[in-house]
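K.L.:
curious how this folds, go ahead:
(2 chains)
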Amino acid sequence: MKEISELNFPDDLKYAGNHEWSKLDNDEVTIGICDYAQDQLGDVVFVELPQVGDTFDKGQEFGTVESVKAVSELFIPLSGEVTGVNENLEDTPELVNNEPYTGGWMIKIKPADVSEMDGLMMKDAYLDMLKG
Amino acid sequence: MEALPRTILYDRHVALGAKIVEFGGWEMPVQYPSGIVQEHLATRKQAGLFDVSHMGRFIIRGNNRLPFLQHVLSNNADALDVGESQYTIIPNEQGGALDDAYLYRFVEEEYLLVVNASNRVKDWDHLQVHAEKIGDVEMIDRTFETAMLSLQGPRSKDMLSTLIDSGLLPDPLRNKLSIATLAGAEVLLARTGYTGEPICFELFVENADALKIWDILIEKGAHAVGLGARDTLRLEAALPLYGHELGEDPQSSEIPVFAMPLSRFAVSFSPLKGEFIGRAALEMQFTSLKKIFDRDYSAIQDLPRLIMPVALKGKGVARAGYKIFNNDEHAGYVTSGTMVPYWHTRGEGIASVLTDEHSLRGISLALLDSSISEGDTLEIEMRGRRIQAVVVPFHMRSEAPPFARAIPWDRLHSEKTSTPEAKTVTKARSILDQAIRNTSWRQKECINLIPSEQTQSAVTRLLSVMDPCGRYAEHKQVMAFSEAEVFYYQATDFIENVEKRLEEELRDYLGCPEVETRLISGQMANTAVFSALVDYLNRVDRKSEQRRIRKVMNNHIIRGGHLSAQPMGALRDFVARDPKTEKPAVVNFPVLPENPYKIDVPACAKLLEIHRPELIIFGKSMTLHHEPVADIRAMVDALALDCTIMYDMAHVLGLIGPHFQRPFEEGADLVTGSTHKTFFGTQRGIIGARFNEPDPEYDLWLAIRRRAFPGSVSNHHLGTLLGLLMATYELNHYKNEYQENIIRNARAFAVALNTCGLDVAGDPDISFTQTHQVILNVGYAKGPEIADRLEKNNIIVNYQAAPEEEGFTASGSLRMGVQEMTRFGMQPAHFEALAGFIHDVIVHGRTVSKDVAAFRKQFVDMQYCFSVTEFEDEIQKLHQLLR
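P.N.:
I've put the predicted structure just below:
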């Protein structure tokens, strides 16, 4: 288990209270879980993701991530339709631990309302929340 | 809030970066920075070090310690000798488990009971109530003053061995104990653990020494492992965890103890236990279990569900509490489940090795309707979907030390190989070609050093395939005809004569008045003797259940004992169960601490007096010394024991005489043996006896005759019987020179190997061996690979586990015999040259196959046999008859 200061939180991402990160690129948002979440979970052994075309409202559960010891739900930080899922996670779920912001991304969505991004936290606000 | 207790090693865990959680009322490391998956994998391939000091440790002593333990525990505490331990349950009256525990007996006057941390207080209170009722029982909680470490995995033995100042590691058998000084600290050592690792140790040390031992083991490369991987490791080994597989089920009703497969070994109904807590309920469960195994579900209410290993076929992770469905009907719950990692392997069979690749697989233990059985496909409901799963016999196997092997559900069985499609004539030609190549290679290019093999002379071999090889000649002595042998078939005069001549020759060779030659293997000879002894012991009472042999004394299998004289071999159905140990009533010859291949004769006297065996079996398959037949005969006579002394001479049958030993002169009653190791013969077995007609024991001989026929064989393989007669003529003719050269060659070979710098087992003062065998130690678990390497270089040897090794897959020895190559004319100088080849292959990894094949060319003409030229005409005629 690492100290918060040892964890990595890129500046160009938005963070949700449930520890998901989101990144807007053109019209698409990529979503994953952050370094803090993967460190808390420990070894990720299974990731269950939705299918392309599924739609979710903000805050709905879109999948689960399982570590050796526990299962955790994944909550979508903003509403939208799934346009891509990271199929590499099926065979190499450890990407979530090793590369949470790159190879360990989970889904891409076409957001229903891009302005929902504004409701998510910047790095500093998220760190403040973690430090309580 | 009161601070939770920490183990003495807490600061070490924090310093290593462990994630600390509350567990069982303690602050414990759940994982270290490398994570659960890596910790699991490191334990399976190297060694994991666990701090399990949170577990409760109670010392139990006082005059009534044994009656107390028999009353409050499910297992038979009386079965434990000093130096042994057992898994046990603390049962309640309803046949459920208050806890599961391990009982250790390190010293004579006290026991150590290890219980789960979360149940320590509850167990203590429960045990105290009964201790006070029984009286004169003292219990001491040593949990806080001592530490408990667990070192598990293939490298664990190496790590501990180098730390020993004095004392020994426990014998290489599960649950064995020892006390040793490690790095200056007294440590109680147990071959126990909670990972399924075949090489496993638990260490009990005083707190003051714990940090030092922990640090040294970490320094030696042990991986610190937390509670997370401890759980995945035990799950993979299908070991129960209290609160999951024992205690309450997900519906909060009590899980019957017998639902858990290990209970069959943890519950005893021995009369020595008397009434114990939960006995009545447990007996009902056991009755139900026996019926369920016979697919009789009439008592299923006592055991409605059983714990079974279940493997996931689909993607997903089964978690404790998930429901399981069988054809859409709710059939039980997952009790423990997760994904666990496992190492991939490369290669097949004993040559398979762990690679550096690993995968994850979903496994679980489940409490399932008792009517469900292995192979059934089920569905596990997880988060709204159902995943296919299958009931498997196990997730992993531990019987091939030094590694535990994962068995994924789709790899339970090896694929049967089938030969490619071909015409039968083509297949026949192919097998003929292969037989020609094989015979030519083994006879003309290889140096064969397997101590249990022999090439027969040309004339012996030829006789073995003549007309008798297709005939029958059953016969039996009939008292009504003044003990004449009556044959059941016609045209048997020739073979009758052969059998009589063979008995004559063997009586002369063995030095005894009676010989039975109809057995077709050494193991069958042993079985016939054991069966006859049971028959003889029951000769007065023919109406009651025939009792077995009460107690047998033999050589332990790990100290070179013959498989065919072990309960796991021929002895199994003839030896009684010891009511105390609930195991076959066998006591082993003690051996010398400095030479485990030699019996400690003075130490036998006390054992004979205590155990009063009805049968003593000498003889070994790893044999370097004479057996002390005369000494033991004297002890048996002095104690006036009613005891049969048998010498299974399988390996050394061809050595009987002045250069080795004469069993009947030394006091053996019976000699059994196979006729194709040092003896010159075809592959058969014989029994010789010292009994004469008026002896009271002659009835045993008559029983042996009956257990040979009709007890063992109808057709006694007349072809090889004829061949054996010729071989026996040859041995009687040449034995003096042959036997002398065997011993001389074996010693020269042993000394030469030792001079090369190789590690030869045995006593250097006697040139290492008194038999045809030479034992070479090549390094822990390296035997199979080195034997394979030697085979590729045309040197054929036999890998074997040495006395300190855990099983044949961990073999570190090569067993070799000089008998066959002596027969092909090799002399001491030649064995010295051979030692050089072996050294080149083992130490330098050189390829010497061509040199060895060329070397063998000097030794293709068999000695100590009737020469082909002497009987040229007869041999020609026999050959003609085969066409």
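K.L.:
pLDDT below threshold where in the chain?
P.N.:
As the question left the chain open, I've gone with chain A. Of all residues in chain A, those with pLDDT under 70 make up the ranges A:1.
K.L.:
please refer instead to chain B.
P.N.:
B:1-2.
K.L.:
contacts only, for residue 104.
P.N.:
Unless you meant another one, I'm taking chain A. Contact analysis of residue A:104 by Cβ atoms under 8 Å, 6 or more residues apart in numbering or on different chains lists A:32-33, A:38, A:86, A:89, A:95-98. To be clear about C-beta, it is placed using only N, CA and C from the backbone, and glycine gets the same treatment.
K.L.:
that's the wrong chain, I meant chain B
P.N.:
Per Cβ under 8 Å, 6+ apart, neighbours of residue B:104: B:85, B:111-114, B:177, B:188, B:190, B:192.
K.L.:
repeat that for 7 Å
P.N.:
Residue B:104 makes contacts with B:85, B:111-112, B:177, B:190, as judged by Cβ atoms under 7 Å, 6 or more residues apart in numbering or on different chains.
K.L.:
can I get those residues in TSV with neighbour count and distance to residue B:279?
P.N.:
As requested, these are exported to TSV (neighbours: other Cβ atoms under 10 Å in any protein chain shown; distance: Cβ to Cβ, whole Å):
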residue	neighbour count	distance to residue B:279
B:85	23	22
B:111	21	20
B:112	22	24
B:177	24	28
B:190	26	28
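K.L.:
identify the farthest-apart pair in those.
P.N.:
Pairwise distances across these (Cβ to Cβ) peak at 12.8 Å, for the pair B:111 and B:190.
K.L.:
give me every residue that touches the closest residue to chain A within the stretch 551-700 of chain B.
P.N.:
Proximity of the stretch 551-700 of chain B to chain A (Cβ to the nearest Cβ) peaks at residue B:558, 37.3 Å away. Residue B:558 makes contact with B:172, B:801, B:803 under the criterion Cβ under 7 Å, 6+ apart.
K.L.:
picking that back up, so which of the contacts of residue A:104 are in helices?
P.N.:
Within these, residues falling in helices by DSSP state H are A:38, A:89, A:95-98.
K.L.:
check these for burial and list the buried ones.
P.N.:
Taking 16 or more other Cβ atoms under 10 Å in any protein chain shown as the criterion, what is buried in the ones in helices among the contacts of residue A:104 is A:38, A:89, A:95-97.
K.L.:
which one of those is nearest chain B?
P.N.:
Closest to chain B, out of all of these and judged by Cβ to the nearest Cβ, is residue A:97, at 7.7 Å.
K.L.:
which one is that closest one nearest to, not counting chain neighbours?
P.N.:
In this structure, residue A:97 finds its nearest non-sequential neighbour in residue A:38, 5.0 Å apart by Cβ to Cβ, 6 or more residues apart in numbering or on different chains.
K.L.:
OK, contacts around the one you found?
P.N.:
Here residue A:38 is in contact with A:44, A:96-97, A:100 (Cβ under 7 Å, 6+ apart).
K.L.:
quick one on the thing from earlier: most neighbours among the contacts of residue B:558, which one is it?
P.N.:
residue B:801 (24 neighbours; other Cβ atoms under 10 Å in any protein chain shown).
K.L.:
near chain B, which residues of chain A are found?
P.N.:
A:1, A:42-43, A:45-46, A:64, A:66, A:68-69, A:71 (Cβ under 7 Å from any Cβ of the partner chain).
K.L.:
wait, which of the buried ones among the ones in helices among the contacts of residue A:104 is closest to residue B:739?
P.N.:
For these, the nearest to residue B:739 is residue A:97 (69.1 Å; Cβ to Cβ).
K.L.:
any idea how far residue A:40 is from the closest one?
P.N.:
Counting by Cβ to Cβ, to the nearest Å, the separation of residue A:97 from residue A:40 is 11 Å.
K.L.:
how about the helices in the stretch 451-600 of chain B?
P.N.:
For the stretch 451-600 of chain B, the helices defined by DSSP state H, counting those that start in this stretch cover B:458-464, B:493-510, B:522-537.
K.L.:
tell me where chain A has helices.
P.N.:
A:35-41, A:88-91, A:95-98, A:123-131.
K.L.:
of those helices, which is nearest residue B:439?
P.N.:
With Cβ to Cβ as the yardstick, what comes closest out of the helices of chain A is helix A:88-91 (50.6 Å).
K.L.:
would you turn the residues of chain A next to chain B into TSV with neighbour count?
P.N.:
Formatted as TSV, the residues of chain A next to chain B follow (neighbours: other Cβ atoms under 10 Å in any protein chain shown):
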residue	neighbour count
A:1	15
A:42	20
A:43	27
A:45	26
A:46	20
A:64	17
A:66	23
A:68	26
A:69	19
A:71	17
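K.L.:
next step: those restricted to strands.
P.N.:
A:45-46, A:64, A:66, A:71 (DSSP state E).
K.L.:
would you mind listing what in chain B touches chain A?
P.N.:
So far as Cβ under 7 Å from any Cβ goes, chain B lies against chain A at B:19, B:31, B:35-37, B:228, B:232, B:315-317, B:319, B:338-339, B:360, B:383.
K.L.:
report the central residue of the chain.
P.N.:
No chain specified, so I'll use chain A. For chain A, residue A:32 is the residue whose C-alpha lies nearest the centre (Cα atoms, centre = their mean; 2.3 Å).
K.L.:
which residues does that residue contact?
P.N.:
Residue A:32 neighbours (Cβ under 7 Å, 6+ apart): A:20-21, A:100-101, A:104-106.
K.L.:
let's see it at 8 Å
P.N.:
Counting by Cβ under 8 Å, 6+ apart, residue A:32 has contacts A:20-21, A:96, A:100-101, A:104-106.
K.L.:
just residue B:601 next, same as before
P.N.:
Residue B:601 neighbours (Cβ under 8 Å, 6+ apart): B:628, B:631-632.
K.L.:
now swap in residue B:30 and tell me
P.N.:
Taking Cβ under 8 Å, 6+ apart, one finds A:69, B:18-21, B:23, B:226-228 in contact with residue B:30.
K.L.:
from those residues, which land in helices?
P.N.:
Those of those lying in helices (DSSP H): B:227-228.
K.L.:
need the contacts of residue B:30 in a markdown table with distance to residue B:763, can you?
P.N.:
A markdown table is the format used below for the contacts of residue B:30 (distance: Cβ to Cβ, whole Å):
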| residue | distance to residue B:763 |
| --- | --- |
| A:69 | 55 |
| B:18 | 50 |
| B:19 | 55 |
| B:20 | 54 |
| B:21 | 55 |
| B:23 | 52 |
| B:226 | 48 |
| B:227 | 49 |
| B:228 | 50 |
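K.L.:
can you tell me which of the contacts of residue B:30 is closest to residue B:616?
P.N.:
Using Cβ to Cβ, the contacts of residue B:30 come closest to residue B:616 at residue B:227, 50.0 Å.
K.L.:
skipping adjacent residues, who's closest to the closest one in space?
P.N.:
residue B:30 (4.9 Å).
K.L.:
and that neighbour, helix, strand or coil?
P.N.:
Three-state call for residue B:30 (DSSP: H, G, I helix; E, B strand; the rest coil): strand.
K.L.:
ok, now how distant is it from residue B:40?
P.N.:
In terms of Cβ to Cβ, residue B:30 sits 13 Å off from residue B:40.
K.L.:
likewise residue B:135?
P.N.:
Distance from residue B:135 to residue B:40, by Cβ to Cβ: 47 Å.
K.L.:
between these two, which one's more packed in?
P.N.:
The neighbour count for residue B:135 versus residue B:40, taken as other Cβ under 10 Å, is higher for residue B:40 (29 against 11).
K.L.:
could you check which helix or strand contains the more buried one?
P.N.:
helix B:35-45 (DSSP states H and E).
K.L.:
helix or strand right after that helix?
P.N.:
Trace forward from helix B:35-45 with DSSP H and E and the next one is strand B:48-51.
K.L.:
in the helix or strand following that following strand, which residues are buried?
P.N.:
The helix or strand immediately downstream of strand B:48-51 is strand B:56-61, counting by DSSP H and E. Within strand B:56-61, the residues scored as buried using 16+ other Cβ under 10 Å are B:56-58, B:60-61.
K.L.:
many thanks, I have nothing further to ask.
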